[in-house]
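1. 3D, please:
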Amino acid sequence: MPCPLCDDTGWKPIQDGAGTGVRRVVRCDCWRENRTAQRLSQARIPPRYKKCDLDAFRTDTDSLIQAVQKCRAFVSAFPVVDKGLLLIGVPGVGKTHLATAVLKEIIQRTGASGLFFDVRELLRLIRETYNPVVRATEFGVIRPVIEAQILVLDDLGAEKTSEWVEETMNLIINTRYNERRLTVFTTNYLDRDPDEKSLAEVLVERVGFRIHSRLHEMCEFINMKAIDYRKAGDDTSPETLDRLEKHGRSVANGGLPTRARPARARLREPAARDGKADLKWPGGRAGS
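-> Residues are numbered from 1 along each chain as shown. Down below sits the predicted model:
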């Protein structure tokens, strides 16, 4: 059934408020609702997080309460806000929940164009364009990511570092910074100076100095300190929370990803057919 106000044209007539009898047309509410629904469906929000919102987020610690407050302020101020957000915390504290909630509420409130990407998935899609049988182009993948009014990049630093990864991410992040487009990042890696005595890798080691410096210019850093709710499940009794807080993380690194050992060339055992050792290198071409 067509809209009774605009007959599905997207424009409805109204009387001029000055009392001149002149009529003009404005966007109909149904057009705004349809555009918002379309942009939400195009935002690539994973099914697991489609129902996430800020009201449903667990706030069992002061750190999480402050994180939600800052996210609400960001949503309310958008697009008149200078910096994006970088949500930092161990796996399972709710970083992706908060990031997708921010993305959803901004699209619903303002009708802005938005996208969600896991960083590893984004890089995989870009790599696929190098395959001659794939019709998509590198620019075709990167352009909507650069142009989205609000972008969520989930799990920054999770991809194995390489020159290609750093250059590709720097292109995306730097272009959005220059165009003053807001980005929300999540990461498992703490923002602190590298420490050779610690097994835990830190953010700058995973993303490189250039990107790390740019992140400080373009984002407000939000540290989320809490237990891994994936382990707690529905049992949030004080006893369970206390047990997970004390014992649910690795003693060596506080639950953070550990510093990877450098890849090394190694010799396979001689093949029976030729008796020669074969050099096996675990790497590949840039970006593979």
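
2. Tyr130 - how many residues pack around it?
-> 11 (other C-beta atoms under 10 Å). Any C-beta I mention is one placed from the backbone N, CA and C, and that applies to glycine too.

3. phi, psi of it?
-> Note on Tyr130: its backbone torsions stand at phi -80, psi -10 [degrees, to the nearest 10].

4. now Ile88
-> Dihedral angles for Ile88 - degrees, to the nearest 10 - are phi -120, psi 130.

5. again, but for Val152
-> For Val152, the backbone dihedrals are phi -110, psi 120 (criterion: degrees, to the nearest 10).

6. ok, it touching Val102?
-> Yes. In this structure Val152 lies within contact range of Val102 using C-beta atoms under 8 Å: 7.5 Å.

7. need the overlap of contacts for these two.
-> Val184 (C-beta atoms under 8 Å, 6 or more residues apart in numbering).

8. how close does Val207 sit to Arg109?
-> Look at Val207 and Arg109: by C-beta to C-beta, to the nearest Å, they are 30 Å apart.

9. now do Arg214
-> Using C-beta to C-beta, Arg214 is found at 27 Å from Arg109.

10. these two: which is more packed in?
-> Neighbour count, other C-beta under 10 Å: between Arg214 and Arg109, Arg214 has more, with 18 against 12.

11. and that one, what element?
-> helix 209-218 (DSSP states H and E).

12. before we move on, what about Glu205?
-> helix 203-207.

13. follow-up on the earlier one: name the residues of the helix holding Arg214 that are buried.
-> 211-212, 214-215, 218 (16 or more other C-beta atoms under 10 Å).

14. of all those, which two lie farthest apart?
-> His212 and Met218 (11.4 Å; C-beta to C-beta).

15. so where's the stretch 151-288 of the chain uncertain?
-> Within the stretch 151-288 of the chain, the ranges that satisfy pLDDT under 70 run 196-199, 227-288.

16. same thing but 90
-> Scanning the stretch 151-288 of the chain with the threshold set as pLDDT under 90 gives 160-161, 192-201, 225-288.

17. and the stretch 1-150 of the chain, by the same measure?
-> For the stretch 1-150 of the chain, applying pLDDT under 90 flags the ranges 1-35, 56, 58-61.

18. let's go with 70 and repeat that
-> 7-8, 10, 12, 17-21, 27-28, 30-31.

19. what about the strands in it?
-> 11-15, 23-27, 84-88, 114-118, 150-154 (DSSP state E, counting those that start in this stretch).
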